[in-house]
Structure formats: structure tokens, C-alpha cells
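*Asks:* here are the coordinates; sequence isn't available:
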């Protein structure tokens, strides 16, 4: 039985999403570090507006990294891609031992990997149990 076309589409989507999120994450880190380093190193040489702008850029980069964690999302998409890609290769090499069900199962595991990563992006603090009586 040939693989459903959705499997190939999913592999391509997860691969490109992984690359995209990793590039975005790396750029945000690099821009944030460069901007904050410039402010810290060249304080006397920069005009007040440049200091404000670079500080703002560094803060925005830090906030975006903290809120969305694009590198973790990129790694999750890559991990999901690896699970599905491996199942596809096993199925192609030995369809009797690895039927299409194993590929569908790998797709489900990949979706779970991505879902788990996206749910942990913005965590709310856990409050300790209320032990007060009254």
C-alpha cells in the first residue's frame, strides 16, 4: 500500500517549520545580544536615542524569545520529523514488518511532540497549596 500523500506533505511542513523556527530563534538571540552588548560597551559613544533604541530592540528580542521560545519549537518540529521520517523509511524498506499503521502511529507521536512543546511555551506559575485555615 503506498503512503498517503498527507505523510509527504507533513514531512515537508515539519521540516520547513523546524528550519524557520530555528532561524528565527537564532536571529532573535543574535540581535538581542548584539544590541545589548552595543549599549553596554559603547555607552559613551552612542547618543541617548541610539541607546534607547538598542535597549528597546534587546528587550523586544528577549521578550519574544521568552514568550515563544522559537528554538524549542524548532527542535520539537525536528524531533517530530525524525520520528515520522524513520517510520517512513522502515515502511519503505520492509512494508510487511512496518505496515502503514506504524507510519500513522509515528505521525500521531510527532503531533504529540509538537503539541507538548507548544503547550509549554507560556507557563503560568504554580501556586503552592493554600494551607491556611480560617
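*Replies:* All right, it came through fine. Worth saying up front: this structure is predicted, and the values here are computed from it rather than measured.
*Asks:* Kindly tell me how buried residue 50 is, as a neighbour count.
*Replies:* When counting by other Cβ atoms under 10 Å, one arrives at 13 neighbours for residue 50. C-beta coordinates here come from the backbone N, C-alpha and C atoms, glycine included.
*Asks:* the helices in this structure, which residues?
*Replies:* Secondary structure of the chain by DSSP state H: the helices cover 5-41, 48-68, 70-93, 100-119.
*Asks:* if you skip the residues just before and after it, what's nearest to residue 118?
*Replies:* residue 73 (6.7 Å; Cβ to Cβ, 6 or more residues apart in numbering).
*Asks:* Now for the one you found: which residues touch it?
*Replies:* 17, 21, 25, 114, 117-118, 121 (Cβ atoms under 8 Å, 6 or more residues apart in numbering).
*Asks:* Centre of the chain to the helix or strand of the chain with the lowest mean pLDDT, how far?
*Replies:* Least confident helix or strand, the chain: helix 100-119 with a mean of 94, by mean pLDDT, DSSP states H and E. Distance of helix 100-119 from its chain centroid, counting by Cα atoms, centre = their mean, to the nearest Å, is 15 Å.
*Asks:* Can you list the buried residues in that helix?
*Replies:* For helix 100-119, burial by neighbour count (16 or more other Cβ atoms under 10 Å) applies to 102-104, 106-107, 110, 113-114, 117.
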